[in-house]
Structures are given as structure tokens and as C-alpha cells.
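Visitor: Quick one, what's the 3D model for this:
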Amino acid sequence: AARAMCNFVGENSVAWLSAEEQEEASKQKREAAATAGDGGGRNGAEKKTGRVVLMRHGESMFNELNLFTGDADIPLSEKGVIEALAGGRAFDTVDFDIIVCSRLNRSRQTAMLALTQSKTGSVPIHVRGGIGGVRKEGDDNRRQLRETAIEAMDKASCPLLPLYSEPALNERSYGSLQGMNKADAVNLYGAHQVNVWRRSSSVRPPGGESMVDTAERAVGFFVREIEPRLAMGQNILISAHGNSLRTIIAHIMKLTEEEALRLNVVTAQPYMFTYDSQSTDDKPAGFLLESELSSCSWPPKTSDQLVWAADREWAHGPTSRWVAPEAGKKSADVDVL
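Guide: Next comes the predicted model:
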């Protein structure tokens, strides 16, 4: 299947998936929406709107040293631990159904630390094998660990919240740049080349991934596994990385390629979106703002936290709203937590 990263839908949205993947994803979402009232989700037929909180991990030890991290498994710094705790307080009343992280420890650390601030009483438990279960033949150890976690959820005296690790959400690989000081990389390769590697859509650093590569796996996973669950009314916390989350946010908000590449996702800064599976004459099914969550949102702390093109409106207030002027009522909305 041909890549669709640069095939624009309309004039200003990026199609991150192949045509075959888009059709399959649409089919899954239709099926999920059709069964949303049959006990799907925590509240069954009464709940048609799911929430997803996207949160980049806190500062890592490589971030602290200004090193390229990529998909190297580097833990949080002391500052990163504090950031994760603070981020968790922003959504401490949200009752999540599942947590989804990457396979990297800093992602899981951030989710676990953030959930210590929850007022719901749920305790995260790591369920091996990801959302889809153990896929490799002969991986009996992981299969047994998964079964043990599931059994624990059935027998625990307190609510246990399943946490899944998914490699599709891993950070973009920077190949041979990983572990290198960013200033040293500029001195060695030149500022222009380093910027091309970091902020172009299709150019790969030596031995690494392009943004297109990252988008194909991260957005593909989000559409296949997360959106159908949101359509059933589930609340989901995703703890991942700057580049994998950048592509997911771009997909949700229908950003252009240029906007997506300029988007800066800050460490441990959670972003909440809601997904409404019900379409009306005024509004299509999709992501929108849940206005009653104003107590959980505030404008970006700095002007460079989210960067938008000049033809977008970024309105600060109790809730922050992004509007594509030419889209009319089909607007994408976001709570910035």
C-alpha cells in the first residue's frame, strides 16, 4: 500500500494512513459506534463520548543532558518525576478504562506516577502482551504474566486499571544520532542537516526513522485500537513521546504537514480530547471539546508550546479552542490540560 503522508485530504489535512488502512479503520469505527449502546464502555448506552488524554513522558536523563534520545530506553530524570506528578494532578478526576504506553520505561514511569495523583482509587497494573495479547509463538513467560495480571484484576479488592505497552507508540528512532549531544551533532553535520533530520517528514537520520515512518505506526495504532474504544465511550490515557504524539495530534486536529512538523509537544503536559461517536446535521462524529471540563484545562504556559500557522485561530480562555475557519461547524477542538 502506498504511503499517504503527503496526500492531503481537502486543502489542509494530512492523510497519515494508506487508503486500505483508512477504509479498514472506518469500518472498525462504524462497527464500534453501532455497538456502543450494547454495554460497550463503562456506562453502556448512556455514554457515547470517550475521552483521551495524550501525555508526553516527563524529562528523561538524556533530555536533561541535551542528548538525542530516540527509542533508547532512558529513564526519567528527577525533574521528570516531578513533572509527571504535576501532570497527573491535571486529570486526577478522570476515570480511565485503560492506560496505553510505549514499550519504553520512561513512558510507563510517567503514567504510573501521574496515576498516583488520581482521586478515583484505581491502581495501574501492567498487562503484558499489549492490547491485542501475546502475538509471538513460544512466548510462554509473557503469556503467563498476562494471565496473572488479568486474574489479579478479577480478584483484587480495589479497582485495577490495565496498562498496556505498545511498540507502535515508541519514540521515533534517531539511529546513530542517539546518545549524541545535539550541539555536537550540529558541529559535526551542520545546523541545516540536523534540522532536516529533525523537522522534515520523509528524511531519515542515519539508521533511524522519518516522521512518516513514525506516523504510519503511531497513527495506524491509534485509529485501529484507540478510536473504536473511544466510540464505545471509554476513557483512555496515552503516555508516549514527542514525535509519536505529534503525529497523533496532527491526525486528530487535521493539521497540515507544515503545522504538524512545527508542533511542539512539551514534557508531561497532558492534552485532553473527547470523541463523540454520534453525528448530527450540525456536527459529524469525531473529536470535539467537552466544555464542562474547563476546570481541567488552561492555556499553554508559553507561546511556543503549541505553534499554529497564521490562518488558524488560537483563543485563550477557560478552555482553549482550535478552529479551522474554512471547516465551518466541522471544527477540531482540544482541551489543553
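
Visitor: quick one, longest strand in this structure?
Guide: strand 49-56 (DSSP state E).

Visitor: In the sheet, which strands lie alongside it, parallel or antiparallel?
Guide: The strands that strand 49-56 pairs with in its sheet are strand 236-240 (parallel), strand 271-276 (antiparallel) (by DSSP bridges).

Visitor: Including mean pLDDT, distance to Ile226 and mean neighbour count, could these go into a markdown table?
Guide: Quick note: C-beta positions are derived from backbone N, CA and C, even for glycine. Converted to a markdown table, these look like this (pLDDT from 0 to 100; distance: least, Cβ to Cβ, whole Å; neighbours: other Cβ atoms under 10 Å):
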| stretch | mean pLDDT | distance to Ile226 | mean neighbour count |
| --- | --- | --- | --- |
| strand 236-240 | 98 | 6 | 28 |
| strand 271-276 | 86 | 9 | 23 |
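
Visitor: Reformat those as a markdown table; add distance to Glu78.
Guide: Shown next, in a markdown table, are those (distance: least, Cβ to Cβ, whole Å):
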| stretch | distance to Glu78 |
| --- | --- |
| strand 236-240 | 18 |
| strand 271-276 | 24 |
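
Visitor: circling back to that earlier point, need the mean per-residue confidence for the longest strand of the chain.
Guide: Strand 49-56 comes out with an average pLDDT of 92.

Visitor: Also stretch 100-108?
Guide: The average pLDDT within stretch 100-108 is 98.

Visitor: quick one: terminal-to-terminal distance for that stretch?
Guide: End-to-end distance for stretch 100-108, by Cα to Cα, to the nearest Å: 9 Å.

Visitor: Tell me how many other residues crowd Ser202.
Guide: When counting by other Cβ atoms under 10 Å, one arrives at 12 neighbours for Ser202.

Visitor: Also Ala152?
Guide: Look at Ala152: counted by other Cβ under 10 Å, it has 12 neighbours.

Visitor: Please apply the same query to the one 4 residues further on.
Guide: The local packing of Ala156 (other Cβ under 10 Å) involves 11 other residues.

Visitor: immediately after the longest strand of the chain, which helix or strand?
Guide: Counting by DSSP states H and E, the next helix or strand C-terminal to strand 49-56 is helix 61-64.

Visitor: Against which helices or strands is that next one packed?
Guide: Here helix 61-64 touches helix 78-89, going by 3 or more Cβ pairs under 8 Å, 6 or more residues apart in numbering; DSSP states H and E.

Visitor: Bridged to Ile236, which residues?
Guide: With DSSP bridges as the criterion, Ile236 is bridged to Val52, Ile98.

Visitor: what residues are up against it?
Guide: Neighbour list for Ile236: Gly50, Arg51, Val52, Val53, Phe96, Asp97, Ile98, Ile99, Val100, Ile226, Arg229, Leu230 [criterion: Cβ atoms under 8 Å, 6 or more residues apart in numbering].

Visitor: now do 7 Å
Guide: Contacts for Ile236 (Cβ atoms under 7 Å, 6 or more residues apart in numbering) come out as Gly50, Val52, Phe96, Asp97, Ile98, Val100, Ile226, Arg229, Leu230.

Visitor: Could you list the buried residues of the longest strand of the chain?
Guide: Using 16 or more other Cβ atoms under 10 Å as the test for burial, strand 49-56 gives Thr49, Gly50, Arg51, Val52, Val53, Leu54, Met55, Arg56.

Visitor: Which pair in those has the greatest spatial separation?
Guide: Thr49 and Arg56 (24.1 Å; Cβ to Cβ).

Visitor: Give me the residues contacting the longest strand of the chain.
Guide: Contacts for strand 49-56 (Cβ under 7 Å, 6+ apart): 41, 87, 91, 94, 110, 114, 226, 229-242, 245, 248-249, 265-276, 290, 337.
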